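Novice: Got a sequence here, can you build the structure:
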Amino acid sequence: MDILLEVLLVIFSIGLIAVVLLQEGKSAGLSGAISGGAEHLFGKSKARGMELVLERVTVGLAAGFFILAIVVAVVVG
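Specialist: Sure, this is the predicted structure:
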């Protein structure tokens with residue numbers, strides 16, 4: 001059981017790294033980071049198509065990674 005959870009954690013981490021690297025950079029300077037963060041926080045995202053899919057997959061993989069990391073820490077530790 002421990003090995004299965006650790007293998008799943010590695011798969012989630014590799015998947016998360018790959019999905020983050022596939023996304024476009026959104027470098028718009030400091031003002032873009034502040035206003036862009038606020039728009040993203042309040043759901044005014046203008047993402048379409050593949051960008052939206054990658055964003056949702058990133059959120060899913062990140063949530064799964066954190067849950068698995070906590071479970072592995074509790075079970076193995």
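Novice: what about the longest helix in this structure?
Specialist: helix 50-76 (DSSP state H).
Novice: Show residues contacting stretch 14-25.
Specialist: Stretch 14-25 is contacted from outside by 51, 54-55, 57-58, 61-62, 65, using Cβ atoms under 8 Å, 6 or more residues apart in numbering. (Each C-beta comes from the backbone N, C-alpha and C, glycine too.)
Novice: are any of those buried, and which?
Specialist: With burial judged by 16 or more other Cβ atoms under 10 Å, the buried subset of the contacts of stretch 14-25 is 54, 57-58, 61, 65.
Novice: which secondary element of the protein has the worst mean pLDDT?
Specialist: The helix or strand of the chain with the lowest confidence, counting by mean pLDDT, DSSP states H and E, is helix 29-41 at a mean of 55.
Novice: Could you state which residue of the protein sits nearest its centroid?
Specialist: Nearest to the geometric centre of the chain sits residue 58, at 3.3 Å (Cα atoms, centre = their mean).
Novice: where's that one relative to residue 66, distance?
Specialist: Going from residue 58 to residue 66 by Cβ to Cβ, to the nearest Å gives 13 Å.
Novice: ditto for residue 49
Specialist: Counting by Cβ to Cβ, the gap from residue 49 to residue 66 is 27 Å.
Novice: cool, residue 55 as well?
Specialist: From residue 55 to residue 66 the distance is 17 Å (Cβ to Cβ).
Novice: With residue 13 instead?
Specialist: Distance from residue 13 to residue 66, by Cβ to Cβ: 11 Å.
Novice: For residue 49, give me phi and psi.
Specialist: phi 60, psi -130 (degrees, to the nearest 10).
Novice: do the same with residue 24
Specialist: Main-chain torsions, residue 24, degrees, to the nearest 10: phi -70, psi 150.
Novice: out of residue 49 and residue 66, which sits in the busier spot?
Specialist: Taking other Cβ atoms under 10 Å, residue 49 and residue 66 do not tie; residue 66 has more neighbours (11 against 7).
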